[in-house]
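J.: take a look and give me a structure for this.
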Amino acid sequence: MGRPVGRNLEDEMMAKIKTLFDKILETVNKENPNYTFDFEQFVDCFDENDHFTKRVFEFLVKETAQRYRSRHPNAQHSAQPRPHTIHHFSGTESSAGGTIFRTTPCQP
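T.: Model (predicted):
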């Protein structure tokens with residue numbers, strides 16, 4: 001058998017977020033069809049330093065962790081180090097795979 005292939009967690013997470021976003025976007029644009037909103041506008045306007053955004057994300061992470069722990073009560077941390085992924089980088093600029101990611105604040 002060949003070597004195990006590592007998961008691309010960033011792509012997997014983005015696919016899940018995009019699926020959720022697309023489903024919610026249908027409702028958002030139906031509510032205001034004269035001024036549609038899209039994923040690019042969402043990314044441009046998404047502010048990771050916004051208090052409300054932080055609280056919503058904190059809730060999401062804590063709830064997900066709680067659900068995982070309740071479903072996997074005997075799960076132990078792996079002794080194997082995990083490869084670096086985008087979530088290991090902080091600040092407004094980070095790099096992963098040679099690509100620079102910069103956040104752009106939402107313009108009023």
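J.: where exactly do the strands run in the protein?
T.: Applying DSSP state E to the chain gives strands spanning 93-96, 99-102.
J.: run through the protein and note the low-pLDDT ranges.
T.: 1-5, 77-108 (pLDDT under 70).
J.: try it again with 80
T.: Filtered on pLDDT under 80, the chain yields the residue ranges 1-6, 75-108.
J.: would you mark the buried spots in the top helix by length along the chain?
T.: Using DSSP state H, we find that the single longest helix of the chain is helix 9-31. Neighbour-count burial for helix 9-31 flags Phe21, Leu25 (criterion: 16 or more other Cβ atoms under 10 Å). Any C-beta I mention is one placed from the backbone N, CA and C, and that applies to glycine too.
J.: packing partners of that helix?
T.: helix 39-45 (3 or more Cβ pairs under 8 Å, 6 or more residues apart in numbering; DSSP states H and E).
J.: which helices and strands does the helix it packs on pack with?
T.: Applying 3+ Cβ pairs under 8 Å, 6+ apart, one finds that helix 39-45 contacts helix 9-31.
J.: Asn29 against Gln41, yeah?
T.: No. Applying Cβ atoms under 8 Å as the test, Asn29 and Gln41 come out as separate, 11.2 Å apart.
J.: residues touching Lys54, list them.
T.: Glu48 (Cβ atoms under 8 Å, 6 or more residues apart in numbering).
J.: if you set the cut-off to 10 Å instead, what comes out?
T.: Asp47, Glu48 (Cβ atoms under 10 Å, 6 or more residues apart in numbering).
J.: how far away is it from Phe37?
T.: Distance of Lys54 to Phe37, computed by Cβ to Cβ, to the nearest Å: 22 Å.
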